[in-house]
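>>> Dropping the sequence and predicted coords here.
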Amino acid sequence: MSFESVDPGEGHSIAAWTAVTIMLLAIAVGTVAFFLALPWLVWASVALLVVGLGVGWALSKVGYGVADTQPHEGH
């Protein structure tokens, strides 16, 4: 039998790395802001979290995401 491994490449793209980096920064800033009782900065970090999600989505639509051309098979 021949087994062919198909790696869908999930998360191995510029779009994914950029989105995760922005969102991790937002969570770190939000955590410190929450600890220091700075509600405006907590909400700014929530906004940055949403921006990170949007940047990842936009980069994937522009072509920096993982191109999933093969159908997934069940495991």
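Sure thing, it's come through. Numbers count the residues shown, from 1 in each chain.
>>> so how far is the helix or strand where residue 41 lies off the chain centroid?
Residue 41 is part of helix 39-59, with elements assigned from DSSP states H and E. Mean-position distance between helix 39-59 and its chain equals 11 Å (Cα atoms, centre = their mean, to the nearest Å).
>>> Touching that helix from outside, list them.
Helix 39-59 is contacted by residues 14-16, 18-23, 25-27, 29-30, 33-34, 65 when judged by Cβ atoms under 8 Å, 6 or more residues apart in numbering. Backbone N, C-alpha and C define where each C-beta goes, glycine included.
>>> Narrow these to those that are buried.
15-16, 18-19, 22-23, 26, 29-30, 33, 65 (16 or more other Cβ atoms under 10 Å).
>>> Quick check: the farthest pair among the residues you listed?
Spanning the widest gap among those are 33 and 65, at 30.5 Å by Cβ to Cβ.
>>> I'd like the mean pLDDT over the helix holding residue 41, please.
Averaged across helix 39-59, pLDDT comes to 97.
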